[in-house]
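Student: Just need the structure, nothing else, for what follows:
(one chain, ligands or ions: 1)
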Amino acid sequence: MSDSKREQRKDDHVKIAMAQSDAQLTDFDRIRFVHHSIPSVDVDQVDLSVKLPDFNLSSPLYINAMTGGSEWTKQINEKLAIVAKETGLAMAVGSTHAALRNPKMESTFTVAREKNPDGIIFSNVGADVPADLAKQSVEMLKADALQVHVNAPQELVMPEGNRTFSDWMNNINRIVKTVDVPVIVKEVGFGMSRETMEALNEIGVQYVDVSGRGGTNFVSIENERRDLKDMSYLQNWGQSTVESLLESKIVQSHMSVFASGGVRNPFDAIKCLALGADAVGMSRPFLEQVENNGVEQTIEYVEAFIEQMKKIAVMANVPNIEAIHNLEVIYDQSLQNWIQQRDLNQ
Ligand code: FNR
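Tutor: Numbers count the residues shown, from 1 in each chain. Purely as a prediction, here's the structure:
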């Protein structure tokens with residue numbers, strides 16, 4: 001594919017994603033907490049900092065992978081980086097393939113590091129990228145971790161997409177052995193199964209981002225990009241973020257699990273934590289904020305988001321992430337079905 005077509009694709013993704021709307025009812029609405037009437041914790045006592053094996057986060061919220069690879073997306077990365085710096089959020093850039101193929105594109109990603117020299121930044125490559133290039137991607141960003149995205153349904157829906165996946169697991173293994181930073185294997189909105197997470201853990205992966213169904217939908221985006229919407233019937237493919245987190249219960253004692261995909265408000269974020277997630281990512285909401293409202297308002301949006309997470313923690317009477325992990329969660333019938341049929345009750 002030519003560089004200009006690739007740039008066009010990056011811009012298309014941003015444009016179409018911003019035009020998507022979210023489902024009215026998601027699996028986040030299918031779980032509940034129990035209300036207790038007299039909290040024993042004050043809002044300013046709530047500590048949402050996260051200690052991970054390889055780095056610490058001042059808050060569990062992070063800006064998830066989106067973009068880079070064109071002039072417009074460079075500006076988006078710049079704005080997101082300023083928000084990340086001012087709020088202390090970790091931030092991932094989008095797939096760095098464009099820069100690995102064409103050094104002229106590097107600045108569209110490295111702007112994230114320039115604007116936020118001391119922040120936690122994740123670089124991003126696909127699961128088929130040779131290990132030496134994955135290492136180069138980390139060095140380019142001076143990244144604290146590398147996200148390796150797994151997006152088979154997206155590739156398969158794209159006419160020009162990848163059709164060979166059988167070497168992915170071996171290649172991820174090579175990447176884990178080659179790069180000097182933690183590798184986060186990340187979905188792009190189709191969720192993860194217990195089997196996938198266990199297999200990844202066996203080859204030494206310590207971090208996953210389940211990125212489940214319920215938010216940005218790449219079957220729809222790729223179908224939207226062409227006139228013949230011939231695979232749109234697959235738009236409900238995959239596990240929701242809630243289902244993926246239920247799938248992850250078994251690996252949570254020995255892997256760090258990040259949640260993303262359709263997280264749209266502080267209550268969704270707290271629910272992810274209650275299902276055992278260590279951190280919670282959002283993509284499209286940050287894109288919409290910086291593009292529609294600008295950097296200053298996005299900073300206020302993040303501050304309000306975190307403050308509201310603290311208020312919800314007080315309503316649930318829990319002072320920190322560990323206590324949120326142990327909250328009692330009530331599931332509706334459809335989620336109970338999933339738990340039963342997948343034998344996830346431990
Ligand atoms: C993405 N996403 C993504 N993920 C990835 O690992 N590499 C990438 O290059 C991209 N590119 C990308 C572009 C745009 C415009 C969007 C909105 C998203 C997927 C993203 O990181 C996340 O997994 C999903 O978007 C689900 O989260 P939200 O958007 O529902 O919060």
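Student: From here on, just use CA atoms for contacts and neighbour counts.
Tutor: Will do.
Student: what is the mean pLDDT for stretch 171-178?
Tutor: Averaging pLDDT along stretch 171-178 gives 98.
Student: Then stretch 274-289?
Tutor: The average of the pLDDT scores along stretch 274-289 is 98.
Student: Over to that stretch now: how far is its first residue from its last?
Tutor: 26 Å (CA to CA, to the nearest Å).
Student: Check stretch 273-288 too.
Tutor: Calculated as CA to CA, the first-to-last residue distance of stretch 273-288 is 24 Å.
Student: What are the contacting residues of that stretch?
Tutor: 17-18, 50, 52, 60-66, 76, 80, 216, 242, 245-246, 249, 252, 256-264, 269, 272, 298, 321, 324-329 (CA atoms under 8 Å, 6 or more residues apart in numbering).
Student: Out of those, which end up buried?
Tutor: In the contacts of stretch 273-288, burial by neighbour count holds for 17-18, 50, 60-66, 76, 80, 216, 242, 245-246, 249, 252, 256-264, 269, 272, 298, 321, 324-325, 327, counting by 16 or more other CA atoms under 10 Å.
Student: which of the contacts of stretch 273-288 come close to the ligand?
Tutor: 17, 64-66, 216, 260-263 (CA under 6 Å from any ligand atom).
Student: Now intersect those residues with the helices, please.
Tutor: Using DSSP state H, Ala17 are the members of these that sit in helices.
Student: how far is stretch 187-196 from where the chain is centred?
Tutor: 11 Å (CA atoms, centre = their mean, to the nearest Å).
Student: Contacts for that stretch next, please.
Tutor: Under CA under 8 Å, 6+ apart, the answer for stretch 187-196 is 149-151, 153, 209-218, 237-241, 243-244, 247-248, 250-251, 260-261.
Student: Next step: those restricted to helices.
Tutor: Among the contacts of stretch 187-196, the members found in helices (DSSP H) are 153, 218, 241, 243-244, 247-248.
Student: And the strands in the stretch 151-300 of the chain?
Tutor: 183-186, 207-209, 256-260, 279-282 (DSSP state E, counting those that start in this stretch).
Student: Please tabulate those in CSV and include distance to Leu335 as additional columns.
Tutor: What follows is the strands of the stretch 151-300 of the chain, written out as CSV (distance: least, CA to CA, whole Å):
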stretch, distance to Leu335
strand 183-186, 23
strand 207-209, 20
strand 256-260, 17
strand 279-282, 20
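Student: Show me what the residue nearest to Val176 when sequence neighbours are not counted is bridged to.
Tutor: Distances taken as CA to CA, 6 or more residues apart in numbering place Val183 nearest to Val176, at 6.2 Å, with adjacent residues excluded. In this entry, Val183 is beta-bridged to Leu146, by DSSP bridges.
Student: Val183 touches Ala143, doesn't it?
Tutor: No - look at Val183 against Ala143 with CA atoms under 8 Å: they stay out of range, at 10.8 Å.
Student: For burial, what's the neighbour tally of the residue nearest to Val176?
Tutor: When neighbours are counted by other CA atoms under 10 Å, Val183 registers 24.
Student: list the contacts for it?
Tutor: Taking CA under 8 Å, 6+ apart, one finds 145-148, 176, 205-207 in contact with Val183.
Student: can you map out the helices along the stretch 201-346 of the chain?
Tutor: 218-224, 241-248, 266-274, 284-315, 321-325, 333-341 (DSSP state H, counting those that start in this stretch).
Student: worst average pLDDT in these?
Tutor: helix 218-224 (a mean of 88).
Student: residues from the stretch 201-346 of the chain in reach of the ligand?
Tutor: 211, 215-216, 260-263, 282-284.
Student: Going by distance to Ala313, which of the residues you listed wins?
Tutor: Val263 (16.8 Å; CA to CA).
Student: List the residues that contact the closest one.
Tutor: Counting by CA under 8 Å, 6+ apart, Val263 touches 215, 269, 280-282.
Student: Would you list the buried entries among those?
Tutor: 215, 269, 280-282.
Student: Give me the local confidence score for Leu228.
Tutor: 64.
Student: before we move on, the earlier item: out of the contacts of Val183, flag the one nearest to Asn116.
Tutor: Nearest to Asn116, judged by CA to CA, of these is Ala145 at 15.2 Å.
Student: List of residues touching stretch 74-86?
Tutor: Under CA under 8 Å, 6+ apart, the answer for stretch 74-86 is 63, 67-68, 89-91, 93, 107-109, 111-113, 115-116, 119, 286-287, 290-291, 294-296, 298-299.
Student: now do 7 Å
Tutor: By CA atoms under 7 Å, 6 or more residues apart in numbering, the residues outside stretch 74-86 that reach it are 67-68, 90-91, 108-109, 111-112, 115-116, 119, 290, 295, 298-299.
Student: With stretch 52-71 instead?
Tutor: Against stretch 52-71 from outside (CA under 7 Å, 6+ apart): 7, 10, 48-51, 73-74, 77, 88-95, 98-99, 105, 108-109, 278-283, 286.
Student: Separate out the buried members of those.
Tutor: 7, 10, 48, 50, 73-74, 77, 88-95, 98-99, 105, 108-109, 278-283, 286.
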